[in-house]
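Colleague: coordinates for the following, if possible.
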Amino acid sequence: MYATVLILHSWIRWAALISGIGATVAAWRADSAAPTRGGRWGLALIASLDLQLVLGLWLYLALSPFTAGVRTNTDVMMRDPILRFWNVEHPTMMLLAVFLAHVGRVLARKAATVSARRTRSLVCFGAATLLMMAGTPWLGLARGRPLFRFGL
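Modeller: Now for the predicted structure:
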């Protein structure tokens with residue numbers, strides 16, 4: 001079960017990143033002629049982030065053999081940069097990204113003008129995308145993981 005959820009979480013990150021970039025670009029390019037152009041991208045971003053959140057929490061709280069033991073010894077975890085990344089930094093950045101994407105979508109829907117909708121979407125979706133990129137364990141970093149995971 002752990003391997004399956006980990007593989008899904010690894011692959012769906014691409015949908016989240018692509019939809020984050022798409023939602024940000026759509027907000028950037030929005031104008032009065034097409035005020036809802038970013039609606040589909042924003043919805044794809046929210047859906048992929050929500051799925052990633054569920055899978056990530058499932059890994060973090062129940063399935064991962066690594067996080068359970070480390071969380072009980074926070075002193076050791078906070079001194080090790082890799083353990084700190086996986087147990088504090090990665091979850092925090094991703095939770096903030098989910099929060100910002102949801103807030104951005106709601107604020108954009110409630111905006112009175114097209115300009116306000118564009119600005120709110122651009123700021124929130126852009127910040128969420130940057131947080132996702134910063135919190136992703138890119139290949140080549142000390143905490144890096146494969147770009148495309150096929151197994152453990």
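Colleague: hey, where'd the helices end up in the protein?
Modeller: With DSSP state H as the criterion, the chain has helices at 2-29, 39-58, 67-71, 74-79, 81-84, 90-109, 114-135.
Colleague: show me which positions of stretch 52-64 end up buried.
Modeller: Of the residues in stretch 52-64, 52, 53, 55, 56, 58, 59, 60, 63, 64 count as buried by neighbour count, 16 or more other C-beta atoms under 10 Å. All C-beta spots, glycine's among them, are computed from the backbone N, C-alpha and C.
Colleague: low-confidence ranges in this protein?
Modeller: 31-38, 152 (pLDDT under 70).
Colleague: 90 - rerun?
Modeller: 2, 27-40, 63-78, 80, 82-83, 86-87, 108-109, 113-115, 117-118, 139-152 (pLDDT under 90).
Colleague: what residues are up against residue 85?
Modeller: The contact partners of residue 85, by C-beta atoms under 8 Å, 6 or more residues apart in numbering, come to 137, 143.
Colleague: contacting residues for residue 148?
Modeller: 10, 11.
Colleague: repeat for residue 13
Modeller: Residues in contact with residue 13, defined by C-beta under 8 Å, 6+ apart, are 52, 132, 136.
Colleague: picking up where we left off before, and of the helices of the chain, who's closest to residue 146?
Modeller: helix 2-29 (7.5 Å; C-beta to C-beta).
Colleague: can you give me how far the closest one is from the chain middle?
Modeller: 7 Å (C-alpha atoms, centre = their mean, to the nearest Å).
Colleague: show me which positions of that helix end up buried.
Modeller: Quick answer for helix 2-29 (16+ other C-beta under 10 Å): 5-10, 12-13, 15-17, 19-27.
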